[in-house]
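In: Below are the sequence and a predicted model for it; my questions follow.
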Amino acid sequence: MVVYIKIKSIGKRRPILDNIPYTIPDNTSSLRELITAIVKMEVETYNSRGVGNSKSEPLQGSNFELLAHVTRLDNMLVPFLSEEEIAAQSTVGKVGFGQLYSDKKADVDKAVATALQGFEDGLVKVVVNETEVTELDARLTISENDVLTFIRMTFLAGRLW
């Protein structure tokens, strides 16, 4: 089923990502299952990309989807981004040439545990359409084309003196 994911951060008026279409399993019935499915897909996308290039095809519905435009850069003597590519990548939240400089793969189980712990600790809030989801294991009804908003909570920073 296709849903739309929006990521926001407290203190910012505009979302970091605007309604990115994402395909999730149809049998997702709790927030725990939803977070687990999304994190697994993102880790798989991250791990499928090669070091030093961006030739690996990203998964459908991934945050890295817009980086597919940079595959031509690997064959260029002096790589550059056009204004259209910069504009397209800026909607993802990062503009770059799509290169990874480390061959270290992400651990799926550790990433899922970290994401779930972040929710339990109140570092992330999840809103389905206009309703906040407060429990990981409560029954969750998600329909086609729903908007899922992940709000990253941040601490106030400043000097103590």
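Out: Received it, and whenever you're ready, just let me know what you need.

In: okay, and the helix or strand of the chain with the least pLDDT?
Out: Counting by mean pLDDT, DSSP states H and E, the chain has its least confident helix or strand at helix 83-90, which shows a mean of 78.

In: Quick check: next helix or strand after that helix?
Out: Downstream of helix 83-90, the first helix or strand assigned by DSSP states H and E is helix 108-120.

In: sec struct for residue 126, please.
Out: The three-state label given to residue 126 by DSSP: H, G, I helix; E, B strand; the rest coil is strand.

In: Mind listing the residues bridging to it?
Out: Partner residues in beta bridges with residue 126, using DSSP bridges, are residue 133, residue 150.

In: measure it to residue 19 for me?
Out: 15 Å (CB to CB, to the nearest Å). Just so you know, the C-beta spots here come from the backbone N, C-alpha and C atoms, and that holds for glycine as well.

In: same check, this time on residue 112
Out: For residue 112, the distance to residue 19 - CB to CB - is 24 Å.

In: Of these two, which one has the most company?
Out: Higher neighbour count among residue 112 and residue 19: residue 112, with 18 against 14, using other CB atoms under 10 Å.
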